[in-house]
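Q: Generate a structure from the sequence data that follows.
(one chain, ligands or ions: 1)
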Amino acid sequence: MSFSISRRGFALGASALALAACNQNGGASGDGEENFVNVYTARHYDADRQLYAAFEEATGVQVRALTGNAEQLLERIRAEGDATEADLFVSADAGNLWRLKDAGLLQNVTTPTLEQNVPSNLRDPEGAYWGFTKRARVIMYRKDAVRPEEVATYDALATPRFRGQIVMRSSTNTYQLSTLASRIERHGADNARQWAAGVRANFARDPEGSDTDQIKAVAAGEAQATVVNHYYFVRLMKSEDPADRDVASKVGLVFPDQTTGGTHVNISGGGVTLHAKRRGRAIQFLEYLTGDAAQNLIAPANTEFPIRPSITPAPELAALGAFVEESIPLDALGRHQAEATRIFEEVGWR
Ligand code: FE
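A: Next up, the predicted model:
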């Protein structure tokens, strides 16, 4: 298991002991809690470090971030039990947050600020987790081979038109599981199975690599279309590396299902751990993440969509145009996760 430590992070080895020792350095604050918050985060974006620094600047409260993949962090919080030093769990993808809630590792939290900041479709109904960014799962296609109207829906990718022309990342990836979970919620399991089987039949190669790798494969001519989170494309477009910008120039982006229920969207979000030792700090940080200052910082920095329409998105996002997003209960992405896994296995989408 390998963890990387953020710039604002604590010196932490593999043991919780090191973390506990570290905590003694934190000063007590006026409201009785120490002046730091421990965040176990499965987000993997450089932009987050700016956010921690800005929070510390604004509040004097230090963010100590431990990064790892969601599965590792979940197991760690479970193993640490009531001795855990984790105050807040943060993850990209609602499916991961749901799994912590389902395992009884989060506590329900509600404050007027959170209620006001986070639209109801971007948070757990009981307050176990709260979204602070929004991402769209879009279709990318190769411009010299596909007309955008040919990929106007996710359904299109499962038709014979794209035989041998689709690349996808592995079904074990949470983004992919949530994409299928959303379909199960919207159209039922049979429909989801047929779609997954159709896409699987169109694979140009076995699933491998990241979202960015799928875009590169499409640009390189290995396939004609794929499905990825929107910001990976924007990142290539904005890259300082000319090779990345060349990749971006060869592909087009479509927000699918504009007339049939909307594009699948997901969140990054956070939830206060059941045994948080600094519950007040965790809530303070969550309120900050969902507030205007952080929204104006984080959304452009990682090119994610802000959670409120009142916040202006990054220019690159505004340039993509407005789109219709799906409207389903956020916890559906977690509730259907096991079934999504089963369907992917059944159709041989590994
Ligand atoms: Fe991502």
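Q: Work out for me the element the nearest residue to residue 289 once chain neighbours are set aside sits within.
A: Distance criterion CB to CB, 6 or more residues apart in numbering; nearest residue to residue 289, sequence neighbours excluded, is residue 132 at 4.1 Å. The way it works is simple: take the backbone N, C-alpha and C, and place the C-beta from them, glycine included. According to DSSP states H and E, residue 132 maps onto strand 130-142.
Q: for residue 182, same thing?
A: Residue 182 belongs to helix 174-187, assigned by DSSP H and E.
Q: who's in contact with residue 344?
A: 171, 176, 177, 180, 196, 350 (CB atoms under 8 Å, 6 or more residues apart in numbering).
Q: Are we agreed that residue 76 is in a helix?
A: Yes: counting by DSSP: H, G, I helix; E, B strand; the rest coil, residue 76 is located in a helix.
Q: how much space between it and residue 69?
A: Residue 76 is 11 Å from residue 69, where distance means CB to CB, to the nearest Å.
Q: Between the two, tell me which one has more neighbours.
A: residue 76 (18 against 15; other CB atoms under 10 Å).
Q: I figured that one was touching residue 68, is that so?
A: Yes: counting by CB atoms under 8 Å, residue 76 touches residue 68, with 7.3 Å between them.
Q: Overlap in contacts, these two.
A: residue 40.
Q: And for residue 222, the neighbour number?
A: 15.
Q: give me phi/psi at it?
A: Backbone geometry at residue 222, expressed as degrees, to the nearest 10, gives phi -70, psi -20.
Q: Same check on residue 65?
A: Here is the backbone geometry of residue 65 (degrees, to the nearest 10): phi -100, psi 130.
Q: how near is it to residue 228?
A: Per CB to CB, residue 65 is found 25 Å from residue 228.
Q: Can you find the helix or strand in this protein with the smallest mean pLDDT?
A: Across the helices and strands of the chain, mean confidence by mean pLDDT, DSSP states H and E is lowest for helix 16-23: a mean of 36.
Q: Which secondary structure state is assigned to residue 66?
A: strand.
Q: And it, what's its pLDDT?
A: Predicted confidence (pLDDT) for residue 66: 96.
Q: Relative to residue 236, how far out is it?
A: Residue 66 is 29 Å from residue 236, where distance means CB to CB.
Q: Name the residue closest to the centre of this structure, please.
A: Note on the chain: the residue nearest the mean C-alpha position is residue 92, at 2.5 Å, using CA atoms, centre = their mean.
Q: doesn't residue 41 make contact with that one?
A: No: using CB under 8 Å, residue 92 makes no contact with residue 41, being 9.2 Å away.
Q: Tell me the residues that contact both of the two, please.
A: Listed as contacting both residue 92 and residue 41 by CB under 8 Å, 6+ apart is no residue at all.
Q: quick one: the strands in this protein?
A: Using DSSP state E, the strands found in the chain span residues 4-5, 36-41, 62-67, 88-92, 130-142, 225-229, 251-254, 265-272.
Q: The last one: partners in the sheet, and parallel or antiparallel?
A: Same thing as strand 265-272. Its sheet considered, strand 265-272 pairs with strand 88-92 (antiparallel), strand 130-142 (antiparallel) by DSSP bridges.
Q: so which of those strands comes closest to residue 59?
A: In terms of CB to CB, the element of those nearest to residue 59 is strand 88-92, at 14.2 Å.
Q: just to revisit the earlier point, the residue nearest to residue 289 against residue 269, yeah?
A: Yes: assessed by CB under 8 Å, residue 132 is found in contact with residue 269 at 5.9 Å.
Q: circling back: tell me the buried residues within the contacts of residue 344.
A: Burial by neighbour count, 16 or more other CB atoms under 10 Å: within those this picks out 171, 176, 177, 180, 196.
Q: ok, these vs residue 314, which is closest?
A: Closest approach to residue 314 among these (CB to CB): residue 176, at 25.0 Å.
Q: Residue 196 is in contact with that closest one, correct?
A: No: here residue 176 lies out of contact with residue 196, judged by CB under 8 Å, at a distance of 9.8 Å.
Q: contacting residues for the spatially closest residue to residue 45 that is not a sequence neighbour?
A: Leaving out its chain neighbours, the residue that sits closest to residue 45 by CB to CB, 6+ apart is residue 302, at 4.7 Å. Contact analysis of residue 302 by CB under 8 Å, 6+ apart lists 45, 47, 48, 133, 231.
Q: what's the distance between residue 302 and residue 140?
A: From residue 302 over to residue 140 the distance is 18 Å, taken as CB to CB.
Q: confidence score at the residue nearest to residue 196 when sequence neighbours are not counted?
A: Excluding the flanking residues, the one nearest residue 196 by CB to CB, 6+ apart is residue 347, at 4.7 Å. On pLDDT, residue 347 comes in at 98.
Q: Could you do residue 5 as well?
A: 40.
Q: Next: the one 10 residues further on.
A: Predicted confidence (pLDDT) for residue 15: 37.
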